[in-house]
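Q: the following comprises the amino acid sequence and a computationally predicted model.
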Amino acid sequence: MKNVSILGSTGSIGANTLAVIRHHRDKFRVSGLSAGHNMALLREQIAEFCPAVVSVATAERAAELGQLLDFTTDVDIVYGQEGAIHAATLPETHLVVSAMVGALGLLPTIRAIESGKNIALANKEILVMAGSLVTKLCREKKVRLFPIDSEHSAIYQCLKGNRKKDVRRIILTASGGPFRTMSWDAMKYMTPEDALKHPRWKMGRKVTIDSATMMNKGLEIIEAKWLFQLDLDKIDVYIHPQSIVHSLVEYRDGSVMAQLGAADMKISIAYALSYPRRINVPADTRLDLTGSGGLEFFPVDHERFPAVSLAYRAGRAGGTLPAVMNGANERAVEAFLDKRICFGGIIPLVGEVMQAHTVLPEPALDDILQADCWARERAETLITERIDHCPLS
């Protein structure tokens, strides 16, 4: 029996993780949950999975949850960042699913690693912000990082049993999002409602917007650098609209290995939970190859999707620049969802914040957190004081 704590249990990854666990109660037990503000869903999760500890965003949410728990339970309700850390470091927990959105997941995940927990990583921002620190800490604590992102899970599987020195390159695939075939002039004024209509994946709001700008793929480039300890010049991106080939590894003998599957996160979640074994997943995750049609691959148009170029730049510079890129992007996406800037203003804003930053080459954790805070404040200043980010009426 493997005890699992889930950071971000009411989000898309958290809900899918619980769906996998629901089918394998003989193999997994939920020891801790951490959520934000969706108390109604969290109440249902507590009733079904009976965790020992549950963390929520604020003291007010903790009080609200306590009122909602109209059934007998011994759950310990905590809140805030310290609450999430508590849920991630329970003595009985074997594996922590890190699925909190954005930078909020960094410290709880680091504390989980420090306490010797293996990590199933869905929060790519953690390695973007602090890849060097996190991977070094994993080595010191002998902790395993299992990727949950479908692209990195695919690469993880394609590398298994092969030598890293034989890898010529890895290829991350991207759907291209909802605006893949749209002109820039049409795309830049798309609304949040338009951008949230992803053609293939059902994901949270922030990651769906990142997919539309392709910043999501930019973050994955840096994540792959740290997960697989590869130079950035060995990491490519292809647009693959069908989202069937989740990523590929090309070896120096010309062989290309790919992992295929339905566009369903339960597949990579199940692999991360059960590694090195494989377990059954719900039947709706089966891929019908005969009905899938052709497979297409296209190069990325860096002029239409400059987020990918920004990510390569941040990854090569290293230091605090990836954290600045991530922090500015999080604030820009929030502003877009609030209709304070247009879609076309997101990535230029991120680039401007990056340009204004003085990179600290070898940052400690506090330096990374300060850079993240600075980037958010700088982005907010630009959003508030200027009118050239095309705010929506």
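A: Nice, thanks for sending it over.

Q: what is the rounded mean pLDDT of the helix or strand where residue 377 lies?
A: Using DSSP states H and E, residue 377 maps to helix 365-385. For helix 365-385, mean pLDDT rounds to 96.

Q: list of residues touching it?
A: The contact list for helix 365-385 (C-beta atoms under 8 Å, 6 or more residues apart in numbering) reads 103, 106, 110, 129-130, 133, 320, 323-328, 330-332, 335, 340-341, 349-350, 352-353, 356-357, 360, 363, 389. Using the backbone N, CA and C atoms, a C-beta is placed for each residue, glycine as well.

Q: and stretch 193-205, by the same measure?
A: 11-13, 101, 175, 177-179, 208-209, 211-212, 241-243, 263, 265, 336-337, 343.

Q: and that stretch, average pLDDT?
A: What stretch 193-205 shows for mean pLDDT is 85.

Q: and it, what's buried?
A: Going by neighbour count (16 or more other C-beta atoms under 10 Å), the buried part of stretch 193-205 is 195, 196, 198, 200, 201, 203, 204, 205.

Q: measure the fourth one to residue 175 for me?
A: Yep, that's residue 200 we're talking about. Distance, residue 200 to residue 175, by C-beta to C-beta, to the nearest Å: 5 Å.

Q: one more: the second one?
A: Computed with C-beta to C-beta, the distance linking residue 196 and residue 175 is 14 Å.

Q: could I get the phi/psi values of residue 175?
A: The phi/psi pair for residue 175 (degrees, to the nearest 10) reads phi -70, psi -30.

Q: I should have written residue 96 there, sorry.
A: phi -110, psi 120.

Q: what's the pLDDT at it?
A: Predicted confidence (pLDDT) for residue 96: 98.

Q: which ones among the contacts of helix 365-385 lie within strands?
A: Judged by DSSP state E, the contacts of helix 365-385 include no members of strands.

Q: now these: which count as buried?
A: 103, 106, 110, 129-130, 133, 320, 323-328, 330-332, 335, 340-341, 349-350, 353, 357, 360, 363, 389.

Q: on that earlier part again, could you identify the most distant pair in the buried residues of stretch 193-205?
A: Using C-beta to C-beta, the pair of the buried residues of stretch 193-205 lying farthest apart is 200 and 205, separated by 16.1 Å.

Q: and residue 20, what does it touch?
A: Applying C-beta under 8 Å, 6+ apart, the residues contacting residue 20 are 28, 266, 269, 270, 273, 279, 281.

Q: lowest confidence element among the helices and strands of this protein?
A: None of the helices or strands of the chain scores lower by mean pLDDT, DSSP states H and E than helix 184-187, at a mean of 84.
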